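[1] pasting a predicted model and its sequence here:
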Amino acid sequence: MSITVSNVSKSFGDFHALKGIDLEVPSGELVALLGPSGCGKTTLLRIIAGLETPDTGNILFNGEEATNRHVRDRQVGFVFQHYALFRHMTVFDNIAFGLTVRPKKTRPSKKEIREKVHTLLKLIQVEQMADRYPAQLSGGQRQRVALARALAVEPQVLLLDEPFGALDAKVRLELRRWLRRLHDEIHVTSVFVTHDQEEALEVADRIVVMNQGKIEQQGTPSEVYDRPATPFVFDFLGNVNLFQGRVHEGTAKMGGLVVETPEHAGTRNAPAVGYVRSHDIEIERIPFDTASLAAQVHGVVTVGPLVRVDLKLPGNVEGIEVDLSRDVADRLDLKVGELVYARPRKVRV
Ligand code: ATP
């Protein structure tokens, strides 16, 4: 089922949480709402769910007006950050719940329910745990059961609000990969809220980047990552360094960097800002033949698979951060205080 959000606004008192949101979620896609805390992601999800009413605008399902449709008539399934499983029920009963409470006319037989739950247990890879209670499961297993419970009633739309937010980093990583594979199998139209850029980039078919109640950009992961439409998107999707300077005859000079400028950069002497992602900078001990920036190593820290190097550049008071892969960092073996040369591979003006 496709979802259309048309010019939706929502205020709480005099706070404008959503300001004219337009969004199209095609049937079968997995779309991430990505943005910093408080940007309105959850409010938008709750409006799609029917848990909140917009002040203005419309929600359409498959092109049909659904703004005032009751939540139970929307055929949506939810999974929230804090698993809301019934503690006194087994995994089996939790998953079966939505089917067993149906009115008699539409309720499947006991046998059908059993088969359905077993298919779902298999899908979420906890087949042996049907008789356990939620307290006997790990956090990751509980979230998978919550997902199976949401899927049991065959929703047309699945809404997930930071579903892995409460889990530790390793389990989170596993579960987001698992969610991607699961979605490839079942293709239910899904919207999931996250403030984690990597999660959105890895899992989603399309990313909607939100900021202060508005959509900054929407597109495929590579569109928003490689062609960010605004400085906010560029910054939010990757660790970024800023170089400030001025335009000078088709180029901009920024803290030792000289970059060709596009026409929109303005006329001579207009202020210019160059953005460089921290993994788009190379470091060597000898100068590069072009765009070499002399710098001093100010800090070296290992962060998971990366080594983050803080560099001080003359004229760039804040310094810059460079992310090197472990093998490059091992080869360079940088020490604090050393003089090196840096070269940005990609500068966006
Ligand atoms: P987070 O990731 O922190 O949950 P979010 O992007 O999901 O953030 P929302 O939960 O949609 O943000 O909230 C957007 C803004 O609206 C926040 O500033 C929040 O305080 C405010 N807000 C949300 N619900 C209400 C409410 N029921 N009453 C008053 N203010 C609210």
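    Yep, that arrived. Residues are numbered from 1 along each chain as shown.

[2] who in this structure is up against the ligand?
    Taking CB under 6 Å from any ligand atom as the measure of proximity, the chain contacts the ligand at 12, 15, 17, 35, 37, 38, 39, 40, 41, 42, 43, 195. Any C-beta I mention is one placed from the backbone N, CA and C, and that applies to glycine too.

[3] can you redo those residues as TSV with secondary structure?
    TSV is the format used below for the residues of the chain next to the ligand (DSSP: H, G, I helix; E, B strand; the rest coil):
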residue	secondary structure
12	strand
15	strand
17	strand
35	coil
37	coil
38	coil
39	coil
40	coil
41	helix
42	helix
43	helix
195	coil
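
[4] ok, of these, which come out buried?
    Listed as buried from those are 17, 35, 39, 40, 41, 42, 43, 195; burial here means 16 or more other CB atoms under 10 Å.

[5] can you check which helix is longest in the protein?
    Ordering each helix of the chain by length in residues (DSSP state H) puts helix 169-186 first.

[6] what is the mean pLDDT for stretch 43-51?
    Stretch 43-51 shows a mean pLDDT of 95 in the predicted model.

[7] how about stretch 272-285?
    Throughout stretch 272-285, pLDDT has a mean value of 88.

[8] please save the CA atoms from it in PDB.
    C-alpha atoms of stretch 272-285 as PDB (Å, rounded to 0.1, in the frame of the first residue of the first chain):
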ATOM      1  CA  ALA A 272      32.900  30.800   0.500                       C
ATOM      2  CA  VAL A 273      32.600  27.700   2.600                       C
ATOM      3  CA  GLY A 274      34.100  24.400   1.500                       C
ATOM      4  CA  TYR A 275      32.900  21.100   3.000                       C
ATOM      5  CA  VAL A 276      35.100  18.100   3.100                       C
ATOM      6  CA  ARG A 277      34.100  14.700   4.700                       C
ATOM      7  CA  SER A 278      36.600  13.400   7.100                       C
ATOM      8  CA  HIS A 279      37.200  10.200   5.100                       C
ATOM      9  CA  ASP A 280      37.800  12.300   1.900                       C
ATOM     10  CA  ILE A 281      41.200  13.500   3.100                       C
ATOM     11  CA  GLU A 282      44.600  11.800   2.500                       C
ATOM     12  CA  ILE A 283      47.600  12.200   4.700                       C
ATOM     13  CA  GLU A 284      51.300  11.700   3.700                       C
ATOM     14  CA  ARG A 285      54.700  12.600   5.100                       C
END
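
[9] for the stretch 201-349 of the chain, which segments count as strands?
    Ranges of strands in the stretch 201-349 of the chain, per DSSP state E, counting those that start in this stretch, are 206-211, 214-219, 240-248, 251-254, 257-260, 271-277, 281-284, 293-303, 306-313, 316-325, 339-344.

[10] can you tell me which of these is most buried?
    Of all those, strand 206-211 has the most neighbours on average by mean count of other CB atoms under 10 Å, namely a mean of 24.

[11] centre of the chain versus that strand, how much separation?
    A distance of 8 Å separates the C-alpha centroid of strand 206-211 from that of its chain, computed with CA atoms, centre = their mean, to the nearest Å.

[12] tilt between that strand and strand 214-219?
    Counting by axes from the mean of the first three to the mean of the last three CA atoms, to 10 degrees, strand 206-211 points 160 degrees away from the direction of strand 214-219.
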